[in-house]
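Novice: Pasting the sequence and the predicted coordinates here, then a few questions.
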Amino acid sequence: MTSWHDLEQASGAEEVEHTADRAFRIRGRNLTQLLERAAQVLVALEAEPLARECFVKRVIEVEGTDRETLLVNWLNEILYLEQTYQETYDHCLLQDVTDHHLRAQLYSRPADSNVASAKAVTFHNLEVKESSDGLEATFVVDV
């Protein structure tokens, strides 16, 4: 699992100052990479896996009315699955990504059910916008 510091260095994700929760700014060449990096940020906040040898693959589909809603629904689906199955996700493979839909394979490991730092990803200050390098998003995690 990638630590928050390692992720910051590798992907250029950055934590943005926020009064009560945690906010993050991420960048990606396209929507697929942006969604992957958002998932990496979220997972870096969560529990460490208990076992290294046990993988579970989950195939999910997520819908949204626009890119912002898709981003929030995607991250909240990951949180839901982590909490429901007491797992943490090492990596994901996104497929069929549009502004309104994604299909993904999530690869998980069992996690300590007592550790969960994120409650939900919110729409507060949510923004997905075009940048010179592709896309940039800012999102807030309720902790």
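Specialist: Cool, got the structure.
Novice: Strands along this protein, start to end?
Specialist: Using DSSP state E, the strands of the chain run over residues 14-16, 22-28, 56-63, 87-95, 101-110, 120-131, 134-142.
Novice: Nearest to residue 75 among those would be which one?
Specialist: Across the strands of the chain, the minimum distance to residue 75, taken as Cβ to Cβ, is reached by strand 120-131, at 4.1 Å. C-beta: built from backbone N, CA, C; applies to glycine.
Novice: and that closest one, how far out from the chain's middle?
Specialist: Centre-to-centre, strand 120-131 and its host chain are 12 Å apart (Cα atoms, centre = their mean, to the nearest Å).
Novice: will you turn the strands of the chain into TSV that also has mean pLDDT?
Specialist: Listed next are the strands of the chain as TSV, based on pLDDT from 0 to 100:
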stretch	mean pLDDT
strand 14-16	74
strand 22-28	92
strand 56-63	95
strand 87-95	89
strand 101-110	93
strand 120-131	93
strand 134-142	94
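Novice: nearest spatial neighbour of residue 125, skipping sequence neighbours?
Specialist: Nearest residue to residue 125, sequence neighbours excluded (Cβ to Cβ, 6 or more residues apart in numbering): residue 140, at 5.6 Å.
Novice: mind checking how far the one you found is from residue 23?
Specialist: Distance, residue 140 to residue 23, using Cβ to Cβ, to the nearest Å: 5 Å.
Novice: quick one: common contacting residues for these two?
Specialist: Taking Cβ atoms under 8 Å, 6 or more residues apart in numbering as the contact rule, the neighbours common to residue 140 and residue 23 are residue 125.
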